[in-house]
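K.L.:
Return a 3D structure for these sequence lines:
(one chain, ligands or ions: 1)
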Amino acid sequence: MRLKAHDPRTKEIMRDLKMSVPTSTILWGRSGSEFSCVAADHVASLLARKPEAVIALPTGQTPLGLYAELVTRAAGKQLSLAQARFFNLDDYLGLSVGHPLSYARFLREHFLIPAGVAEEHIRLLRGDAVGIEAECGDYEAAIEAAGGLDLAILGLGTNGHIGFNEPGSDWSGRTHVVSLSEETRATHVAQTQGKFAIPEYGITVGISTILAAREILLLVAGRGKARALAAFRGGIPDPDWPVTALLTHPNLTVLAAAELQPAAVANVIAP
Ligand code: GLP
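P.N.:
Numbers count the residues shown, from 1 in each chain. From the prediction side, this is the model:
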């Protein structure tokens, strides 16, 4: 069944979907700048309560506005990142930190360096570590030694992945190596205009690592995320949609772009 946005039944279905999301409210960013500001407000409010907060960062196009906004606010002394400590969620396996595709490089370029975060407050996954199993264990130990994650900021994959936890991932998993799905690799080939060979494997914090964060902020933008967001809004935990693991988290905020509002994507998500 395909429903148009103006079909009266669409409204009814969407109302049902909304009611079935038990643990979180979706905030809709009306514009790109509002999306970034609301996300930055969220981080700023945590830092006001806890300046030494431990935060896990996502990579991708979605958080770029947030990073720019945080850099601007830090430069204008509206917030201080001086005591905060940063981890990341994931990276490709086998790439050096200097590689153009490296998520560590991306985060340094787009956020950590311009924000002036001190090196001793940064611990990013080493996708090219020689002993990768040891790296996974060390990473979990480093998060624990920092007192655990206060906030995990997440992006969303088109197939519902969070970090690089692909459909079918073990929800009790901690940091581990993962075989990337064809869909994920194809999306990344398109994003890089085919300029780079996309690695077959990634390294990611596990779903259990994410769920252990005291607070989660899920950022969702791009029409390609419509099906994954609809699965989340369906409110039923489903291992085929890793994002639905977040339904069980007691302190989850979802910020989604206006382009994903139910009426705007009804024709994509209708069965
Ligand atoms: C990659 C990353 C994810 C990220 C996702 C969304 O697959 N592994 O951590 O959330 O991309 O990226 P974008 O924000 O560019 O859509």
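K.L.:
And the next helix or strand past the host helix or strand of residue 177?
P.N.:
Residue 177 is located in strand 176-179, with elements delineated by DSSP states H and E. Using DSSP H and E, the helix or strand that follows strand 176-179 in sequence is helix 182-191.
K.L.:
any idea which helix or strand comes after that following helix?
P.N.:
Downstream of helix 182-191 (by DSSP H and E), the next one is strand 201-204.
K.L.:
buried set for that following strand?
P.N.:
Neighbour-count burial for strand 201-204 flags 202-204 (criterion: 16 or more other C-beta atoms under 10 Å). (C-beta placed from N, C-alpha, C; glycine too.)
K.L.:
after it comes which helix or strand?
P.N.:
Toward the C-terminus from strand 201-204 - assigned by DSSP H and E - lies helix 207-211.
K.L.:
which strands and helices sit next to the next helix or strand after that following helix?
P.N.:
Per DSSP H and E, helix 207-211 leads on to strand 215-220 as the next helix or strand towards the C-terminus. Under the contact criterion of 3 or more C-beta pairs under 8 Å, 6 or more residues apart in numbering; DSSP states H and E, strand 215-220 touches helix 32-49, strand 151-154, strand 252-257.
K.L.:
Residues contacting the strand holding residue 177, please?
P.N.:
With contact meaning C-beta atoms under 8 Å, 6 or more residues apart in numbering, strand 176-179 is reached by 93, 132, 136, 164-166, 169, 200-204, 206.
K.L.:
The ligand contacts on the stretch 51-200 of the chain?
P.N.:
58-62, 89-90, 155-157, 163-164, 184 (C-beta under 6 Å from any ligand atom).
K.L.:
burial count for residue 42?
P.N.:
Around residue 42 sit 19 other residues, with neighbours defined as other C-beta atoms under 10 Å.
K.L.:
Provide a list of residues in contact with it.
P.N.:
Residue 42 neighbours (C-beta under 8 Å, 6+ apart): 217, 253, 255.
K.L.:
Check the contact between the first one and residue 153; I expect there is one.
P.N.:
By that I understand residue 217. Yes - the criterion here is C-beta atoms under 8 Å, and residue 217 meets it with residue 153 at 4.8 Å.
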